[in-house]
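# this is a predicted model, with the sequence first.
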Amino acid sequence: MGVGYASINSITLNVNGEMIAQAQEGIFITNVEYLKRENALPNENATLNLTNGTMLNSTITLEPNDETSEVSIKVSFYNKYNYDFIFKDVIYDEALINEMPDIYSNLDITYTFDKQEEIIASKDVMDIIITFKYSNYDNSTLDTLNSILNFQFELVPVVVGSYNYSKGKMETLTIPTNGLYWIELWGARGGTMSDYNGGKGGYTSGNIPLKAGEVLYFYLGGKGNQEETATNTGGYNGGGYSGYNPSSENYNAGGGGSTDVRLVGGEWNNFNSLKSRIMVAAGGGGATKGEKGYYTGGPGGGLIGQLGEGVYTGTNSVVETTGATQTSGGTSEYEYNSSYGTNERNGKFGYAVQEITAGFGGGGGSGYYGGATSWGRGGSGGSSFISGHNGCDAILSTSTATNIIHSGQSIHYSGYTFTDTIMVDGYGYNWTTEKGNYTGMPNFNHTSTITGNNGSGYAKITLIKLN
């Protein structure tokens, strides 16, 4: 997550305590006073430098013949924001040290301060006491310190939206203030059959700058349906239908829906809405159990959707199935001529197969592209997408439902770009430009690490830095 620092206003204080302040939005200094001048010369002074907005410019002169000499200053702050902040640090301004090291960097004098890591609440005050004293002392010790100090406050992260799956309901969020936001998405799990599990949902996250008044639309994936019937529908937001073959005892679960955030609202499968997605966490494929085989569903991707595992004991060969990628849906090439349903099994942009499919097999998971509804095995997982994540392939704004054109680069055509991105598949493996090591993913409350999401989708957006 990012770190946010608050602004401080300009204020001037002389030895007699006369003060002039310029009000400013945010956290600002309301008073500076000397608390203690222990064996220090009387010509010290403290002023605030308006140039960089967060500077306390104080010239401290200690007694040159007394190594116990020290000066203490109390700096008072007021938090005008509607958010809480943590007081993090007081540091030299690095630019001034680099420009004028002989003036601003005196290693013979040090300072300490209190209240570090304490919270200054909204509309509250905080007093910070800084004490200057010698760090080393001998006859050559410098007794004056020009301390250009920077007070740093970190915003206490604020969850501005958290959304559970709610029977296919789109969630709308109007951004409350300019700032840097952390968005997290969890895709849904595919349906389970008896002891054969659906593929777990993937996880995506990243930081993105947003402005007050902008509107985001969140679509939460539903877990794949898993009744012990010949066929099942997929979960909301693109989970695939399972296969259907009533002539044998085959039970097939639906695929899990993906969870995404969009710039355009509307029905979940509206193409203009789908192509406005700037982040997608993939859903997992549905499991299958039949008289001639059983398979788990493939977990949601990564850049590529994953395949399920299992055993097939029939005489027909199990057709090779693939997971979704950044440019195409998952595939299953087996052609099963039947009046029970379509032979189309391949995933599409934004969803897996949305109609009854002939033959047994789990439904594909949804995602940036949907996984395949398999034949003789669990459905494959969908793929994930994050605008700005290396390895992702964004589509062009000119794309249509019948002609999707990829840009060959990761940034969405809107220009909305995430940084500090994380992408974890339903097996718990981290993806950069390729599949990496096992890391797991956080649970919804960040209280533990899980392999993959075991239920319906979830989304969370947190303000981490004010602009």
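Yes, it's here.

# what about the residue lying farthest from the centre of the chain, distance to N136?
Most distant from the centre of the chain: N65, at 55.6 Å, with distances by C-alpha atoms, centre = their mean. From N65 across to N136, the span is 15 Å (C-beta to C-beta, to the nearest Å). Backbone N, C-alpha and C define where each C-beta goes, glycine included.

# swap in A324?
For A324 relative to N136 (C-beta to C-beta), the value is 64 Å.

# about what we covered before: Three-state assignment for the residue farthest from the centre of the chain, please.
Classification of N65 using DSSP: H, G, I helix; E, B strand; the rest coil returns coil.

# returning to what we had before: which one of A324 and N136 is surrounded by more residues?
A324 (39 against 11; other C-beta atoms under 10 Å).

# okay but the more buried one is in contact with Y369, surely?
Yes - at 3.9 Å, A324 and Y369 qualify as touching, with contact defined as C-beta atoms under 8 Å.

# what touches both of the two?
G305, G330, G347, G382, S383 (C-beta atoms under 8 Å, 6 or more residues apart in numbering).

# which of the residues you listed has the most neighbours?
Most surrounded of those: other C-beta under 10 Å gives G382, at 52 neighbours.

# check contacts around that residue.
Residues near G382 by C-beta under 8 Å, 6+ apart: 187, 238, 255, 258, 280, 282-283, 300-301, 305, 323-324, 330, 347, 352, 364-371.

# could you write out the alpha-carbon coordinates of stretch 270-287 in CSV?
Provided in CSV are the C-alpha atoms of stretch 270-287 (Å, rounded to 0.1, in the frame of the first residue of the first chain):
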residue,chain,number,x,y,z
ASN,A,270,-23.5,-5.8,-22.0
PHE,A,271,-20.4,-5.6,-24.2
ASN,A,272,-19.7,-1.9,-23.7
SER,A,273,-19.8,-2.6,-19.9
LEU,A,274,-17.6,-5.7,-20.2
LYS,A,275,-14.9,-3.9,-22.3
SER,A,276,-14.8,-1.1,-19.7
ARG,A,277,-13.4,-3.5,-17.1
ILE,A,278,-10.1,-2.3,-15.6
MET,A,279,-9.6,-5.2,-13.2
VAL,A,280,-10.9,-8.8,-13.2
ALA,A,281,-10.4,-11.6,-10.7
ALA,A,282,-11.2,-15.0,-12.4
GLY,A,283,-13.7,-17.6,-11.3
GLY,A,284,-13.0,-21.3,-11.0
GLY,A,285,-14.4,-24.1,-13.1
GLY,A,286,-17.1,-26.5,-11.9
ALA,A,287,-16.4,-30.1,-10.9
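
# centre of the chain to that stretch, how far?
Distance of stretch 270-287 from the chain centroid (C-alpha atoms, centre = their mean, to the nearest Å) equals 17 Å.

# ok, so of the shared contacts of A324 and Y369, who is nearest N207?
Checking the shared contacts of A324 and Y369 against N207 by C-beta to C-beta gives S383 as the nearest, at 21.7 Å.

# and S273, which of the three is it?
S273 ends up helix, using three-state DSSP.

# tell me, how many residues neighbour the residue nearest to it when sequence neighbours are not counted?
In space, and not counting its chain neighbours, S273 is closest to G266: 4.2 Å by C-beta to C-beta, 6 or more residues apart in numbering. Using other C-beta under 10 Å, G266 has 14 other residues around it.

# quick check: the gap between G266 and T144.
67 Å.

# follow-up on the earlier one: tell me if I'm right that the residue nearest to S273 and N272 touch.
Yes - here G266 lies in contact with N272, judged by C-beta under 8 Å, at a distance of 7.0 Å.

# how many other residues sit next to I130?
Counted with other C-beta under 10 Å, residues neighbouring I130 total 23.

# would you agree it falls within a strand?
Yes - I130 forms part of a strand when assessed by three-state DSSP.

# and the gap between it and I97?
On the measure of C-beta to C-beta, I130 and I97 end up 17 Å apart.

# could you do M126 as well?
Counting by C-beta to C-beta - M126 and I97 are separated by 26 Å.

# for Y241, same thing?
For Y241 relative to I97 (C-beta to C-beta), the value is 65 Å.

# and those two? which has more neighbours close in?
Using other C-beta under 10 Å, the more surrounded residue of Y241 and I97 is Y241, with 29 against 14.

# who touches the more buried one in this structure?
231-234, 254-255, 352-357, 363, 373.

# ditto for Q116
Residues in contact with Q116 (C-beta under 8 Å, 6+ apart) are F87, K88, D89.

# that one should be in a strand, yeah?
No - using three-state DSSP, the assignment for Q116 is coil, not a strand.
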